[in-house]
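Undergrad: After the sequence you'll find the predicted model.
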Amino acid sequence: MSMSKDRIGGVLLLVFCLTYGLLSQQITLLPFQENVAFHARTMPEVLSVLGIGLAVLIIVFPGSDKKLELAGYNWISCALFLGLMSLYGLTIRPLGFILSTSLFLMIGFWLLGERKPLLLILASVPLVVLFWVLMTQGLDVFIEPLPAFMKSEG
């Protein structure tokens, strides 16, 4: 069995789904949830099982024989996006959701090639505010909108 591009992707998917399934078992359940059919672990468990099945099918059945080619990709942009995502994870609590996510999107769009400041702002800020309103008002999920130093004490 040769390691084609498809099989390498299948192995990576298998590792991800196995890890996801194992980590889903760490989700704590409340005492009354232990014997119910649907609880906090149900969807992660279903998704991991489906992903494992799909990964095994990708590995077992022959796909294309195209070998993995690493040349020709923009690895610098990939590394910059990984760094940007890590920085976003570190700044979302101190800067708040709206500012941190807006900056994340603006810098991401800039990395993708957009250079007009007005367009960067108009494509990021309204989207983030709309999403924040949908989550907090529509779905009743609390997301801290502003940095800690901007909160009023009361």
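TA: Perfect, thanks for sending it.

Undergrad: And this protein, what are its domain boundaries?
TA: As recorded under automatic domain parsing, the domains making up the chain are 5-60, 75-138.

Undergrad: Now do the helices in this structure.
TA: Along the chain, the stretches classed as helices by DSSP state H are 5-24, 42-60, 75-95, 97-111, 117-133.

Undergrad: which residues are contacting the shortest one?
TA: The reference is to helix 97-111. For helix 97-111, contacts defined as Cβ atoms under 8 Å, 6 or more residues apart in numbering pick out 77, 80-81, 84-85, 87-88, 91-92, 95, 120-121, 123-125, 127-129, 131-132, 143-147. Where you see a C-beta, it was placed from the backbone N, CA and C, and this is true even at glycine.

Undergrad: which parts of that helix are buried?
TA: By neighbour count, with 16 or more other Cβ atoms under 10 Å as the criterion, the buried positions of helix 97-111 are 97-109.

Undergrad: Which two among these are spaced furthest apart?
TA: Greatest spatial distance among the buried residues of helix 97-111 (Cβ to Cβ): 97 and 109, at 18.0 Å.

Undergrad: rewinding a little: out of the buried residues of helix 97-111, the closest to residue 19 would be?
TA: Using Cβ to Cβ, the buried residues of helix 97-111 come closest to residue 19 at residue 104, 25.0 Å.

Undergrad: give the contact list for the nearest residue in space to residue 7 that is not next to it in sequence.
TA: Counting by Cβ to Cβ, 6 or more residues apart in numbering, residue 7 lies nearest to residue 59, which is 5.5 Å off, once chain neighbours are set aside. By Cβ under 8 Å, 6+ apart, the contact set of residue 59 is 7, 10, 11, 14.

Undergrad: Just the buried residues of those residues.
TA: In these, the ones that pass as buried (16+ other Cβ under 10 Å) are 7, 10, 14.

Undergrad: Hmm, the last one is touching residue 49, no?
TA: It stands for residue 14. No: under the criterion of Cβ atoms under 8 Å, residue 14 makes no contact with residue 49, lying 12.0 Å away.
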